[in-house]
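Peer 1: no letters, just coordinates:
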């Protein structure tokens, strides 16, 4: 497993990031523990979660599972670069209604309060990467950057990242941080895969310019890029319905993968690893089998003619403004 700098920071993270969004929801605690143990054995030191994960079972449940795993000891916490997020409501079943926490958005109050709640659930005193789960343009940077800097000064967080930001949001956040003499964003987590390449127009160039590492989520396009025959993804009828207008492209893609002798999911992840702006795709295994399969992508080199064929099957938008102007 290779390790890369996260954006322009000095922090080294594995080239695959273990996404934990299924823990406590699709994956029980015992299987979640086994996946995290195996991830460390495979060299994956970068774990991503969010305060809202756990969904209908209980928001925050995923962080609790990770915290319980850390508590098992044997150097688990020290071996992990931990990332979590703030933005969404975290409505705990036993909690009283709280307007500043029970709605989507950001504020200095919410950043502080949700950070401390995450630390408690995770059973740790620090979060290496604290990410805004979405942009909130109604909250000024005059409020947000001092809030994040206070947490950093107190030793609760090391770096700040974003997720689901537009290109101009990435630029604004970095410029506003620079004005205050702060590091700014080190990462942006965006939906990015062969089927969804829209961020190549403006987000990717913004990340490249500001030294922001790109962490693609949904690297398999919701399972469509994993191949229709992948057990547990969906039935044939469901696949056809989900594929929609992408059916011909996906069929051509699966034919290419068969010719390479590789699983479609492996090729999809390998393609992301070949993109210069990408630091680490966020994989979300539900089982140990899914984790082992994902690691195969780190060993696969796609030849230039294969990359060119993938561009033919799934053409990207090109970079702005040249993709729509002279």
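Peer 2: Okay, I see it. Treat the numbers as computed from the prediction; the structure is a model and nothing was measured.

Peer 1: please enumerate the strands of the stretch 201-326 of the chain.
Peer 2: In the stretch 201-326 of the chain, the segments counted as strands under DSSP state E, counting those that start in this stretch are 213-217, 282-283.

Peer 1: so which elements touch the shortest one?
Peer 2: So the one you mean is strand 282-283. For strand 282-283, the packing partners by 3 or more Cβ pairs under 8 Å, 6 or more residues apart in numbering; DSSP states H and E come out as strand 17-19, strand 213-217, helix 288-295. Quick note: C-beta positions are derived from backbone N, CA and C, even for glycine.

Peer 1: okay, those, which one's buried deepest?
Peer 2: Most buried of the helices and strands packed on strand 282-283 by mean neighbour count (mean count of other Cβ atoms under 10 Å) is strand 17-19; its value is a mean of 27.

Peer 1: pretty sure residue 158 is in a strand, no?
Peer 2: Yes: counting by DSSP: H, G, I helix; E, B strand; the rest coil, residue 158 is located in a strand.

Peer 1: correct me if wrong: it contacts residue 126.
Peer 2: Yes: with contact defined as Cβ atoms under 8 Å, residue 158 and residue 126 form a contacting pair (7.0 Å).

Peer 1: what number of residues lie near residue 223?
Peer 2: If you count neighbours by other Cβ atoms under 10 Å, residue 223 ends up with 17.

Peer 1: what do you get for residue 127?
Peer 2: So residue 127, with other Cβ under 10 Å, has 23 neighbours.

Peer 1: state the phi and psi torsions of it.
Peer 2: Backbone dihedrals for residue 127, given as degrees, to the nearest 10, come out at phi -130, psi 120.

Peer 1: between residue 158 and residue 126, which has more neighbouring residues?
Peer 2: residue 158 (18 against 15).

Peer 1: ok, the closest residue to that one other than its chain neighbours - contacts?
Peer 2: Closest residue to residue 158 apart from its sequence neighbours, by Cβ to Cβ, 6 or more residues apart in numbering: residue 128 at 4.9 Å. Neighbouring residues of residue 128 by Cβ atoms under 8 Å, 6 or more residues apart in numbering: 11, 81-83, 157-159.

Peer 1: which pLDDT value goes with residue 128?
Peer 2: Predicted confidence (pLDDT) at residue 128: the value is 98.

Peer 1: in a strand, it, correct?
Peer 2: Yes: assessed with three-state DSSP, residue 128 lies in a strand.

Peer 1: relative to residue 199, how far out is the residue nearest to residue 283 when sequence neighbours are not counted?
Peer 2: Once flanking residues are discounted, residue 283 sits nearest to residue 294: 4.6 Å by Cβ to Cβ, 6+ apart. To residue 199, residue 294 is 21 Å away according to Cβ to Cβ, to the nearest Å.

Peer 1: just residue 193 next, same as before
Peer 2: Distance of residue 193 to residue 199, given as Cβ to Cβ: 10 Å.

Peer 1: go on, residue 187?
Peer 2: Applying Cβ to Cβ, the value for residue 187 to residue 199 is 13 Å.

Peer 1: what of residue 268?
Peer 2: The value you get for residue 268 to residue 199, if Cβ to Cβ is used, is 16 Å.

Peer 1: more neighbours, those two?
Peer 2: In this view residue 268 and residue 199 are compared by other Cβ under 10 Å, and residue 268 has more residues nearby, 26 against 23.

Peer 1: contacting residues for that one?
Peer 2: 193-194, 219-221, 225-226, 297.

Peer 1: also residue 7?
Peer 2: 185-187, 207, 211-213, 279.

Peer 1: how about a cut-off of 10 Å?
Peer 2: Taking Cβ atoms under 10 Å, 6 or more residues apart in numbering, we find residue 7 in contact with 13, 159, 161, 183-188, 207, 210-215, 277, 279.

Peer 1: element containing it, please.
Peer 2: Using DSSP states H and E, residue 7 falls within no helix or strand.

Peer 1: show me where the stretch 1-150 of the chain has strands.
Peer 2: Using DSSP E, counting those that start in this stretch, the strands found in the stretch 1-150 of the chain span residues 3-5, 12-14, 17-19, 46-48, 81-86, 127-132.

Peer 1: dump those strands to a markdown table, plus distance to residue 273.
Peer 2: Converted to a markdown table, the strands of the stretch 1-150 of the chain look like this (distance: least, Cβ to Cβ, whole Å):
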| stretch | distance to residue 273 |
| --- | --- |
| strand 3-5 | 10 |
| strand 12-14 | 11 |
| strand 17-19 | 12 |
| strand 46-48 | 14 |
| strand 81-86 | 18 |
| strand 127-132 | 20 |
